[in-house]
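S.K.: Need the 3D shape of this:
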Amino acid sequence: MNGPSLILRHDKAGDAIKSLPALRALKARFPHIELHILVSPHNSSLFEYEPGLHAHRLPPHWENLKPEVLRDHLANQGMPRAFSRVVSLLCDAFEQNDRLLMLFPATEKFAVSLWDQSLQSEITPIPLPQGTPAGSDECENIAWILSQAFCVDLPNVSLPTSGAPVLSEQDRREADTLMGQKKGVWIGFCPFAGLKNRSHPATSWERFLQQVSRTPQLEKIFLFGAPSDCSALEQLQRQCSEPQRVQLCFPSSFRTLGAYLRRLDGVVAVDSGPLHLARTLGLPVLGILSGGDVRRWFASLGAHERLLRRGLFNRFPMGWEMTWAFRRWLRQLAPNSQDLPILAVND
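M.R.: Coordinates of the predicted model:
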């Protein structure tokens, strides 16, 4: 491999974490490759300690910067100004992705989808085996892109295989200090998604958590979110039947969230980055979804992974549906627990 290569992964953390298995497989195949990755403020922490990968973070509101200003900013981070190849790992078309593909001089450029079709003469298209990313595991889609761009056969990879980010000792200390000494069964809840179309109605979560917090088998309940979610989480905590057993957590980064989740016995989350992160850690998970391409994002479910794919009457599940799914999932985790008094829901 002559010259440095650049990977574009400037999107949400939940999407970006799907890249780690394939990137690790690529590094194993080419140990001496100089591999750079351009990341967003949302997902940059995932790649901070990744061996053999030079991560460069886009500045906030980078879309408003002139090309030469953005290039200078990244060069000041130690990013090369030209590459042998630039490869976008985004399987869907975005106008901003086109801009970044055109920003950096390179001998070759690769992408699955382009917003501006007139750029096809400058960027080599990589057709996916299924024609679109839908219906295929996203980790396999990414492995296919890298295989075509680097002319190598990468192994079939999936999210639970080497997908967890590298945590630091500081991450572990933060989680241990703020969560306290573990006693009994701990379950974490992640009720918020970065996209509005995946954010469930607050009333459903309030009714759901009212019932969950009555479950005697749970010693402690953790509600996770960003600092901007503080007031919403406090409202959910007030609605719980036993608020004193509920602790709010605001990890300092998405990667650090992994250290918190590792201390739990299970995670309940909407279709979001925390749900994907919990799966990479091998935790039992209950995904509360609202439709979408399940095959693409949640392929090969493990024995203790369960999905509530959508609601019966609406794409967002109601409180009683979430409670029903939680009861079945919890019984799966603890098959000897037959009496779980959490289904008396008036929704």
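S.K.: show me where the stretch 101-250 of the chain has helices.
M.R.: Residue ranges of the helices in the stretch 101-250 of the chain, as given by DSSP state H, counting those that start in this stretch, are 138-149, 169-179, 202-212, 230-239.
S.K.: CA atoms of the second one as PDB?
M.R.: Included here for helix 169-179 are C-alpha records, laid out as PDB according to Å, rounded to 0.1, in the frame of the first residue of the first chain:
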ATOM      1  CA  GLU A 169      -8.600   3.100  32.700                       C
ATOM      2  CA  GLN A 170     -10.100   6.600  33.100                       C
ATOM      3  CA  ASP A 171     -13.400   5.400  31.500                       C
ATOM      4  CA  ARG A 172     -13.500   2.500  34.100                       C
ATOM      5  CA  ARG A 173     -12.700   4.800  37.000                       C
ATOM      6  CA  GLU A 174     -15.500   7.200  36.000                       C
ATOM      7  CA  ALA A 175     -18.100   4.400  35.800                       C
ATOM      8  CA  ASP A 176     -17.000   2.800  39.100                       C
ATOM      9  CA  THR A 177     -17.000   6.200  41.000                       C
ATOM     10  CA  LEU A 178     -20.300   7.400  39.800                       C
ATOM     11  CA  MET A 179     -22.200   4.100  39.800                       C
END
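S.K.: Against which helices or strands is it packed?
M.R.: For helix 169-179, the helices and strands in contact under the criterion 3 or more C-beta pairs under 8 Å, 6 or more residues apart in numbering; DSSP states H and E are strand 246-249, helix 254-261. (Each C-beta comes from the backbone N, C-alpha and C, glycine too.)
S.K.: Could you work out which of the helices of the stretch 101-250 of the chain reaches nearest to Gly52?
M.R.: Gly52 lies closest to helix 138-149 among those, at 14.3 Å (C-beta to C-beta).
S.K.: Identify the residues contacting that closest one?
M.R.: Under the contact criterion C-beta atoms under 8 Å, 6 or more residues apart in numbering, helix 138-149 has outside partners 15, 18-19, 21-23, 25-26, 85, 87-89, 91, 108, 110, 112, 126, 128-129, 133, 152-159, 163, 296-297, 299.
S.K.: hmm, back to that, can you list the helices of the stretch 101-250 of the chain in JSON lines and add distance to Gly287?
M.R.: JSON lines is the format used below for those (distance: least, C-beta to C-beta, whole Å):
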{"stretch": "helix 138-149", "distance to Gly287": "15"}
{"stretch": "helix 169-179", "distance to Gly287": "22"}
{"stretch": "helix 202-212", "distance to Gly287": "14"}
{"stretch": "helix 230-239", "distance to Gly287": "18"}
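S.K.: so of these, which one's packed in deepest?
M.R.: Relative to the other members of the helices of the stretch 101-250 of the chain, helix 138-149 carries the highest mean neighbour count by mean count of other C-beta atoms under 10 Å, namely a mean of 23.
S.K.: Return it as PDB; C-alpha atoms alone will do.
M.R.: Provided in PDB are the C-alpha atoms of helix 138-149 (Å, rounded to 0.1, in the frame of the first residue of the first chain):
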ATOM      1  CA  GLU A 138     -24.400  -3.300   8.100                       C
ATOM      2  CA  CYS A 139     -21.100  -4.800   9.300                       C
ATOM      3  CA  GLU A 140     -21.000  -7.000   6.200                       C
ATOM      4  CA  ASN A 141     -21.800  -4.000   4.000                       C
ATOM      5  CA  ILE A 142     -18.800  -2.100   5.400                       C
ATOM      6  CA  ALA A 143     -16.600  -5.100   5.100                       C
ATOM      7  CA  TRP A 144     -17.600  -5.400   1.400                       C
ATOM      8  CA  ILE A 145     -16.800  -1.700   0.800                       C
ATOM      9  CA  LEU A 146     -13.300  -2.000   2.300                       C
ATOM     10  CA  SER A 147     -12.700  -5.300   0.400                       C
ATOM     11  CA  GLN A 148     -13.500  -3.600  -2.900                       C
ATOM     12  CA  ALA A 149     -11.500  -0.400  -2.200                       C
END
